[in-house]
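Colleague: Take a look and give me a structure for this.
(one chain, ligands or ions: 2)
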Amino acid sequence: ERKAALAASTGPGATSDGHKVPLLANVGGPADVPAALDAGAEGVGLFRTEFLFLDDSSRAPSEEKQVEAYRQVLEAFPEGRVVVRVLDAGADKPLDFLTPADEPNPALGVRGLRSLLDHPEVLRTQLSALATAARGLPVYLEVMAPMVADRTDAKAFADACRDAGLEAKFGAMVEIPSAALRARSILQEVEFLSLGTNDLAQYTFAADRQVGAVSRLQDPWQPALLDLVALSAEAAKAEGKSCGVCGEAASDPLLACVLTGLGVTSLSMGAASIPYVRATLAKYTLAQCERAAAAARAADTAEEARAAAQAVLSGE
Ligand code: PEP
Ligand code: MG
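Modeller: Ligands and ions are numbered 1, 2, ... in the order given. The predicted model follows:
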């Protein structure tokens, strides 16, 4: 039955009553593109560009090398969306030329957008490479910053994009609780939000994502995390803008339905999960997803949230 459901799973992501939820792929570079295309991804929702930088941690790759890699990914999705995240270095992905060596607590230190604002030449080169790569291609380029904390961060990033002459939508990742709490203020500066639920869970629960002993708190079904997702999605709706999810949460088919019910407008995940998420989403109406989302938020624990959503969707 599972096989039949997957085989029937093609085309754009949507609920059974036709509410569209684009299903996008998370990629680390051109090597991940074939799997994304095979899975029928409608574009890329998270291009983790730091993989280009990890070969040689002593300096940034040349602008030419970056242009080549960005162009290969952009060319693969004509008429599709490609959301490129600027370099997210620091914490679990340190780079010698960017990351301070002596931070007592790297996850709370200079990482993500903070590193780039400290090294504007690295951001400038990356944005200029993206502008060159996208030139003449029919793709919908969107560029977003990791670890945006507030409106000041969002404005600094949008200014850098404008200065680079980038013809793209600029967005902010919501990975820090302050960004979810003040999402409307951030949306005064950028055109879309993308929830990075891995880091959002880490910072909401003060639970390091690399420490197995606190993994219970990294569960994306935690109702507090669902509350922050809902706040972000509601803010985006009020501003007439989009709010996707690109963290691991999007790859859990049941949770994908709940995220849809919370108002999330696209889901980005590892390519292998796309057929499962597409098949599950196609089984339920938007109203059922909304009821499942409300039931999950009313729960007190991650386990209860999952069980409550499951009960609603299986009609118990
Ligand atoms: C996230 O934090 O959820 C995310 C998508 O970014 P990364 O996992 O690369 O930190
Ligand atoms: Mg992250």
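Colleague: What residues does the nearest residue in space to Pro106 that is not next to it in sequence make contact with?
Modeller: In space, and not counting its chain neighbours, Pro106 is closest to Ala91: 4.7 Å by Cβ to Cβ, 6 or more residues apart in numbering. From N, CA and C alone the C-beta is placed, and that goes for glycine too. Ala91 sits next to Pro106, Ala107, Gly109, Arg111 when contact means Cβ atoms under 8 Å, 6 or more residues apart in numbering.
Colleague: Quickly note the distance from Ala91 to Ala293.
Modeller: Computed as Cβ to Cβ, to the nearest Å, the Ala91 to Ala293 distance reads 30 Å.
Colleague: buried residues in stretch 307-316?
Modeller: Buried residues in stretch 307-316, counted by 16 or more other Cβ atoms under 10 Å: Ala307, Ala308, Ala309, Gln310, Val312, Leu313.
Colleague: mind checking how far stretch 44-53 is from the chain centre?
Modeller: 11 Å (Cα atoms, centre = their mean, to the nearest Å).
Colleague: picking that back up, can you lay out the buried residues of stretch 307-316 as TSV showing secondary structure?
Modeller: Output for the buried residues of stretch 307-316, formatted as TSV (DSSP: H, G, I helix; E, B strand; the rest coil):
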residue	secondary structure
Ala307	helix
Ala308	helix
Ala309	helix
Gln310	helix
Val312	helix
Leu313	helix
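Colleague: can you list those residues in a markdown table and add pLDDT?
Modeller: Shown next, in a markdown table, are those (pLDDT from 0 to 100):
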| residue | pLDDT |
| --- | --- |
| Ala307 | 98 |
| Ala308 | 98 |
| Ala309 | 98 |
| Gln310 | 98 |
| Val312 | 98 |
| Leu313 | 98 |
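Colleague: Mind putting these into JSON lines with distance to ligand 1?
Modeller: Shown next, in JSON lines, are the buried residues of stretch 307-316 (distance: Cβ to the nearest ligand atom, whole Å):
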{"residue": "Ala307", "distance to ligand 1": "24"}
{"residue": "Ala308", "distance to ligand 1": "24"}
{"residue": "Ala309", "distance to ligand 1": "20"}
{"residue": "Gln310", "distance to ligand 1": "23"}
{"residue": "Val312", "distance to ligand 1": "26"}
{"residue": "Leu313", "distance to ligand 1": "24"}
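Colleague: of all those residues, which comes closest to Thr265?
Modeller: Nearest to Thr265 out of these is Ala309 (Cβ to Cβ; 19.2 Å).
Colleague: thinking the closest one is in contact with Val258, fair?
Modeller: Yes: with contact defined as Cβ atoms under 8 Å, Ala309 counts as touching Val258 (5.1 Å).
Colleague: now the closest residue to Ala299 other than its chain neighbours, what's its secondary structure?
Modeller: Of all residues not flanking Ala299 in the chain, Ala305 sits nearest, at 4.0 Å (Cβ to Cβ, 6+ apart). Of the three states, Ala305 takes helix under three-state DSSP.
Colleague: Which one (most neighbours) among the contacts of Ala91?
Modeller: Neighbour counts for the contacts of Ala91, by other Cβ atoms under 10 Å, peak at Arg111, which reaches 24 neighbours.
Colleague: What confidence value was assigned to that residue?
Modeller: As predicted, Arg111 sits at a pLDDT of 96.
Colleague: That one and ligand 1, how far apart?
Modeller: 9 Å (Cβ to the nearest ligand atom, to the nearest Å).
Colleague: Surely that residue touches Asp88?
Modeller: Yes: taking contacts as Cβ under 8 Å, Arg111 lies within contact range of Asp88: 7.2 Å.
Colleague: Please enumerate the shared neighbours of the two.
Modeller: With Cβ under 8 Å, 6+ apart, Arg111 and Asp88 have common neighbours Met147.
Colleague: excluding its backbone neighbours, what's nearest Met269?
Modeller: Going by Cβ to Cβ, 6+ apart, Met269 has Ser251 as its nearest residue, at 3.8 Å.
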